[in-house]
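Visitor: Sequence below, structure please.
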Amino acid sequence: MTLEQHERLDGFGLSAGEQEQVWELWGRGESLRAVARALGRHVTQVRRYVSSTGGRRPAPRQRASSCLSVCEREEISRGVARGESCRKIAVGVDLSFCRGLAQMQQPAVV
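Guide: Predicted coordinates for the structure are as follows:
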């Protein structure tokens, strides 16, 4: 699967850039048909996307402050690969003892 295909899985066949364009045009009062025409898409795709959000632009996604950052996860991963103890890894990323390792080892909820 290419990156372009992966981007389109989430937004009813629209890439992130196209989704942004939908909200810009829709916010200026353009009709869904005009928005679809500007994107070179079928009006059904645009209508499904807009209706899935209730006609309002979704809020930008943000991680909770209690979640580990990308850098912290990478450092933990490297420490585990080197065979370091939880304490040594935690000191290296400035975390309380094993909090990060426990978060990384939890199975994903589907």
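Visitor: can you count the residues close to Val46?
Guide: Using other Cβ atoms under 10 Å, Val46 is surrounded by 28 other residues. Every C-beta, even on glycine, is put in place using the N, C-alpha and C of the backbone.
Visitor: how much space between the spatially closest residue to it that is not a sequence neighbour and Trp26?
Guide: Nearest residue to Val46 in three dimensions, chain neighbours excluded: Ala36, at 4.4 Å (Cβ to Cβ, 6 or more residues apart in numbering). Taking Cβ to Cβ, to the nearest Å as the criterion, Ala36 is separated from Trp26 by 11 Å.
Visitor: try Ser69
Guide: Taken as Cβ to Cβ, the span from Ser69 to Trp26 is 33 Å.
Visitor: ok, the two, which is more surrounded?
Guide: The residue with more neighbours, out of Ser69 and Trp26, is Trp26; 19 against 11, by other Cβ under 10 Å.
Visitor: burial of the closest residue to Arg47 other than its chain neighbours, as a residue count?
Guide: Computed as Cβ to Cβ, 6+ apart, the closest residue to Arg47 that is not its neighbour in sequence is Leu32, at 5.3 Å. Neighbourhood size, Leu32 [other Cβ under 10 Å]: 19.
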